[in-house]
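> Got a predicted model here, sequence first, then my questions.
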There are 2 protein chains.
Amino acid sequence: MAVRNILWIMCDQLRFDYLSCAGHPSIRTPNIDALAARGVRFTRAYVQSPICGPSRMSFYTGRYVRSHGSTWNGFPLRAGEPTLGDHLNEIGVRNVLVGKTHMKADLEGMRRLGIDPGTTIGVHVSQCGFEPYERDDGLHPDGPYSPNPPYDDYLRQHGFDAANPWEHWANSADGEAGAILSGWLLAHADKAARVPEERSETAYMTNRAMQFMREANADGRPWCLHLSYIKPHWPYIVPAPYHDMYGADDVVPVVRSDREKRDPHPVYASYMQERFSEVFARPGVRERVIPAYMGLITQIDDHLGRLFAFLDEEGLADSTMIVFTSDHGDYLGDHWLGEKELFHEVSAKIPLIVADPSPDADVTRGTVSDALVEAIDLAPTFLDAFGGRPKPHILEGRSLMPLVRGEDWQRRYVISEYDYSMRRARTDNGVPIADCRMTMVFDGRWKLTHVEGFQPMLHDLDSDPDEFVDLGADDAHACVRDRLYAAMFAWARTPKSRITVSDADIAAAYGRELDANILIGYWDEADVDAARAERRSRDGDKPG
Amino acid sequence: MAVRNILWIMCDQLRFDYLSCAGHPSIRTPNIDALAARGVRFTRAYVQSPICGPSRMSFYTGRYVRSHGSTWNGFPLRAGEPTLGDHLNEIGVRNVLVGKTHMKADLEGMRRLGIDPGTTIGVHVSQCGFEPYERDDGLHPDGPYSPNPPYDDYLRQHGFDAANPWEHWANSADGEAGAILSGWLLAHADKAARVPEERSETAYMTNRAMQFMREANADGRPWCLHLSYIKPHWPYIVPAPYHDMYGADDVVPVVRSDREKRDPHPVYASYMQERFSEVFARPGVRERVIPAYMGLITQIDDHLGRLFAFLDEEGLADSTMIVFTSDHGDYLGDHWLGEKELFHEVSAKIPLIVADPSPDADVTRGTVSDALVEAIDLAPTFLDAFGGRPKPHILEGRSLMPLVRGEDWQRRYVISEYDYSMRRARTDNGVPIADCRMTMVFDGRWKLTHVEGFQPMLHDLDSDPDEFVDLGADDAHACVRDRLYAAMFAWARTPKSRITVSDADIAAAYGRELDANILIGYWDEADVDAARAERRSRDGDKPG
């Protein structure tokens, strides 16, 4: 049974393990837990790149990074790359955005193709296939590159005026003697943001999602609404009462080992030296920052409770599939790292819950799946859920709907990629920009990270679940590496670039030269007559 | 010194070895030989796919087939794929077509992007970056799919009227008692086409090229003219006097061995069973067809003589670089095959001559280069020749201009790909459509052909220049296969898909977070002040 609507909630930088239903001992996420209880929670879901932009472009296209080519934040998605929005629009479903995408328009490509960014198509292409009901990437620092988002106007309208309302209210705290303290700085993570909670970004985006759903009800067309919160992504600052909801006692121990610092892989070593990594190794930083990170998550959870209640009230709950996920994790000091970008579980693995209200999904309701799944599975999942045709020549993922409705499939390995050309790992190690590629292949136990021009990294998650021991150069594990490299090679040599012709098109076009009077390899008239007679006897009088 | 214009001549299905300058013992190609004598003749140039459409899309984009995705004839090149024309237009050079491209427009993609095929941009996209002064793919059989090319109107205007003038005059011969014999049929290859030579396609396209050059002189902008003959591609029929210029005595012996039929690779076996292969194994067929094939080549050569004289007369010779090549070869019965499509030398290797009139190229004039080169090298060569900037993040080939101007570079291996989903090799062997991929890697001696799901083929061109002995399963050659597979893997995992951002863009954008007031990983105000001070002392007051 096809679903009527999809509410696709994404958090930004939410680790897989910072949910109560995922086993976190101190965080409170009752509404997300309740969602998991009425859906399937996937415990082994991986992003196609552990950083916002490329990860999202894979979510939004259903294609690997090596296919869509947007390898880092702000690297434009090429004009013409087919998107989830293209596929959904074809079957009459609106693909609507409230929040963040990290899409940067390929203005140069659009200019070449004569696409005016102001037209409906221009907006669609610029917004990677979304109808931007509310586009807000959620970082509006002071400076020459700042946008002027509707959220700033919203703050102004509610009395929170400033040259940069986001920076002044949402990203600042009150200091002593009237000082304004910057939310960018980790030292202030324990203070309340100056904005009242009900005017915060999370509250605002939730409200906007509800506004959209009300309007969409009147419109009548089915929709996929991407409610894309920019939190708990840094800046790590949250309004009251969430700023002191958690304390140092709620912070789980750091996961790191001195062993990781002994002869680390050169790229890993550079990441350990990034400012965002080193700061998390200072005493007290995790204890200051992580409670704010947790507060941001519980704040989202509270608003999701409000949103789910709204769905009930509006009569949408029975016809709306809800999907909850994140675009990547956050090291938060684990492995001597901050941010994300490498392939440890806390970075590349994401929470993923699919709650399908239809009776077909009753069989899996409240269960947990350890199937290996990928971010690119969502686009085909959505197309499938709405009853659309699969497009295996374009979409590189696989629909999760069978898993949600009680049928099984197995993926042998997941792939994730990363381009470190914008990081010091490039300059530290003198790597040419085009070679700054890493590719992870993970089969559920062994995680191999190929680093172009270097030895790989290898971890055994069975014997070493914390990923402390790099077996990338260990002689005893050459066979494991060979096997994973073979898998990576099979993947690398089968990109889905033939996007203009489907397999079905090929099957239908096969063997039609004779119908087109293209006569290749016939000696004489008798040869042709014989072939035509054979064709007729085989196929009858079907048109060519 | 940048060249002023480029005349880029392409034949269709011309083998590398059917030129007198390439050692053919009986064919006469004095004008092409003379071109080689004033340029560099490349003896190891390979196409990216041994079939018209994909090969040409690689020529026209400078990108491998796995990148541009047009894997077979008539599979549209995706709208937005950057073309040679895009790159040349950017530097003010017209990219003009007279003849064949085999481009099929991605009308569905254009519709999605709102590109009207009738606009200037729509034509550019539809014609894969060419200004179609004369577009003619040169096959106009009777039937529902036939275009109505200007050449048909030309024939009509000159008294050669018919429902299908091409079929009736250019592709037919006179039989007994007023019968009209079809040029499609190999039995009639020894007869003269009914069209007078001066009204043939080869003559007409040459005339059109001259018309363009006269007009372009008046226009004043530099140009790259792609004069793309559809011959000596089948139908194998040529007007007098070329139809009987060569006879059976001029036909070189077939290159095939019974050994090839013993336990052949399953895909190769299927190709041997194609109609176009089997017919060439019949006695007398080569002797009937090849003289016509040779006549078509000598006819082109004669018109090139006329064209080169025209360049002299118009004063264009000193400023126009001339490039001569083909899109793939033709088995003509060698290896028990007809057509092209597999990777034997006679199929995947092409003639290539680059004649640069500038004094910088005097040092190589009249020489032969055995460098391993690829079809995708031409687009960067042209950009380079016109003085354009290289685009290594888009163009996957390498400029040949250094080789032409006396500097050396070495490519370690060439790659060619083929999608056999439209051939019986798929149905015979029950291969899923998406898996019908072959990839050749050739290092100058060893040629490995990977066939997805099968064992590979391997040939040693040093000890077995005729490619009779398939070592794909030979235990003694496992190391060679491993080495070539490693090369193929390195190629497969480094596609150039990040086309919207250049390496230079990345180098320039690196390390600018602070300028944008994005403060990641700073503990407190002192941290930021210190970083700003360090930035100032390092970079001075340069704007961010």
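Looks like it arrived, so ask away.
> can we go C-alpha only for contacts and neighbour counts from here?
Noted.
> Run through the residues of the stretch 101-250 of chain A sitting next to chain B.
Near chain B, the residues belonging to the stretch 101-250 of chain A are A:106, A:108-109, A:112-115, A:121-122, A:125, A:141-145, A:184-188, A:234-235 when assessed by Cα under 8 Å from any Cα of the partner chain.
> Which ones among the residues you listed lie within helices?
A:108-109, A:112, A:121-122, A:125 (DSSP state H).
> ok, now which ones touch the spatially most central residue of chain A?
Nearest to the mean C-alpha position of chain A, by Cα atoms, centre = their mean, lies residue A:327 at 3.5 Å. Residue A:327 makes contacts with A:10-14, A:47, A:50-52, A:55-56, A:350, as judged by Cα atoms under 8 Å, 6 or more residues apart in numbering or on different chains.
> Identify those among these that sit within strands.
Among those, DSSP state E puts A:10-11, A:350 in strands.
> Looking at those residues, which one is closest to residue A:291?
residue A:11 (17.1 Å; Cα to Cα).
> List the beta-bridge partners for that closest one.
Note on residue A:11: beta-bridge partners residue A:326, judged by DSSP bridges.
> my guess is it meets residue A:231, correct?
Yes: assessed by Cα atoms under 8 Å, residue A:11 is found in contact with residue A:231 at 6.0 Å.
> Buried ones from the residues of the stretch 101-250 of chain A next to chain B, can you make that a ChimeraX selection?
Buried residues among those (16 or more other Cα atoms under 10 Å in any protein chain shown), as a ChimeraX selection:
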select /A:106,109,112,113,114,115,121,122,125,141,142,184,185,186,187,188,234,235
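> For residue A:349, see how far away the residue nearest to the centre of chain A is.
Taking Cα to Cα, to the nearest Å as the measure, residue A:327 falls 9 Å from residue A:349.
> Likewise for residue A:524?
Taken as Cα to Cα, the span from residue A:524 to residue A:349 is 64 Å.
> What of residue A:241?
From residue A:241 to residue A:349 the distance is 29 Å (Cα to Cα).
> what's the answer for residue A:26, then?
20 Å.
> likewise residue A:117?
Plainly put, residue A:117 is 35 Å away from residue A:349 if you go by Cα to Cα.
> Please identify which of these two sits among more neighbours.
More neighbours surround residue A:349 than the other of residue A:117 and residue A:349, with 28 against 18 (other Cα atoms under 10 Å in any protein chain shown).
> list the contacts for the nearest residue to the more buried one once chain neighbours are set aside?
Counting by Cα to Cα, 6 or more residues apart in numbering or on different chains, residue A:349 lies nearest to residue A:46, which is 4.5 Å off, once chain neighbours are set aside. Each residue near residue A:46 by Cα under 8 Å, 6+ apart is listed here: A:348-350, A:372-375, A:414, A:416.
> What is the neighbour count of residue A:219?
Residue A:219 has 9 nearby residues by other Cα under 10 Å.
> Residue A:240 now?
Using other Cα under 10 Å, residue A:240 has 18 neighbouring residues.
> Help me confirm that it comes into contact with residue A:197.
Yes: counting by Cα under 8 Å, residue A:240 touches residue A:197, with 6.4 Å between them.
> Which pLDDT value belongs to residue A:543?
Here, the pLDDT recorded for residue A:543 equals 48.
> Could you do residue A:514 as well?
For residue A:514, the pLDDT comes out at 87.
> got the contact list for it?
Per Cα under 8 Å, 6+ apart, neighbours of residue A:514: residue A:532.
> ok, now the one 5 residues further on?
Contacts for residue A:519 (Cα under 8 Å, 6+ apart) come out as A:513, A:528, B:184-185.
> Farthest-apart pair in the residues you listed, please.
For the contacts of residue A:519, the farthest-apart pair by Cα to Cα is A:513 and B:185; their separation is 14.3 Å.
> returning to what we had before: could you check the pLDDT of the residue nearest to residue A:349?
Here, the pLDDT recorded for residue A:46 equals 98.
> if I look at it, how far off is residue A:376?
Going from residue A:46 to residue A:376 by Cα to Cα gives 9 Å.
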